[in-house]
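J.: sharing a model that was predicted from the sequence below.
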Amino acid sequence: MVSGVASYSTFAGLFIHAFFDGFAISAGMEFNFYLGLLIFFAVLLHKIPEGLTIASVMIAAERRRRTAFLASLAIGVATMLGILSVFILSGVNGRVVGFAFAFSAGASTYVGASDLIPEINHSRNRVIPLLVFGGMLLFWAGTALLAPLAGH
Ligand SMILES: [Zn+2]
């Protein structure tokens, strides 16, 4: 159902994406603990779908279940590598956090604006835009709940 090349390119794309998930968590934590916490929960909410996605792609490409499991595990490891890379780089030079934060915000905005929102607009399913709106409300609620803790 899915070619071998497509399964590996999907894996490579999700690996890079997961790396920057961790990168964003760590950069957020370095900037402000509560902002990092908010990013952590946002990433946490889509980690299970990410793991299911890569495992499903591997199974659809007729890979073994063990390969699907290892691909899901590697996606999790990529997130941890992203987290560690900001910790290590910020220890070398504190200004790196600003660049990491800007880069991770830009990468997230790019993916959302170029891939996710256009895909949702093409969808005939009207529930999905409501879920996106619900996610935006969830982000707003999280920000409002954490703002007093962050001193804002
Ligand atoms: Zn992700």
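T.: Cool, the structure landed.
J.: how about the helix or strand of the chain with the lowest mean pLDDT, which residues are buried there?
T.: None of the helices or strands of the chain scores lower by mean pLDDT, DSSP states H and E than helix 96-111, at a mean of 82. For helix 96-111, burial by neighbour count (16 or more other CB atoms under 10 Å) applies to 96-97, 100-101, 104, 107-108. Every residue, glycine included, has its C-beta placed from N, CA and C.
J.: equivalent analysis for stretch 75-92, please.
T.: 75, 78-79, 82-83, 85-86, 89-90.
J.: residue 85 and residue 57: what is the separation?
T.: Distance, residue 85 to residue 57, by CB to CB, to the nearest Å: 26 Å.
J.: just give me the neighbour total for residue 63.
T.: For residue 63, the neighbour count with other CB atoms under 10 Å is 19.
J.: no wait, residue 20
T.: 22.
J.: contacting residues around it?
T.: Listed by CB atoms under 8 Å, 6 or more residues apart in numbering, the contact partners of residue 20 are 82, 103-104, 107-108.
J.: quick one: which helix or strand includes it?
T.: Per DSSP states H and E: residue 20 is located in helix 4-31.
J.: cool, thanks, talk later.
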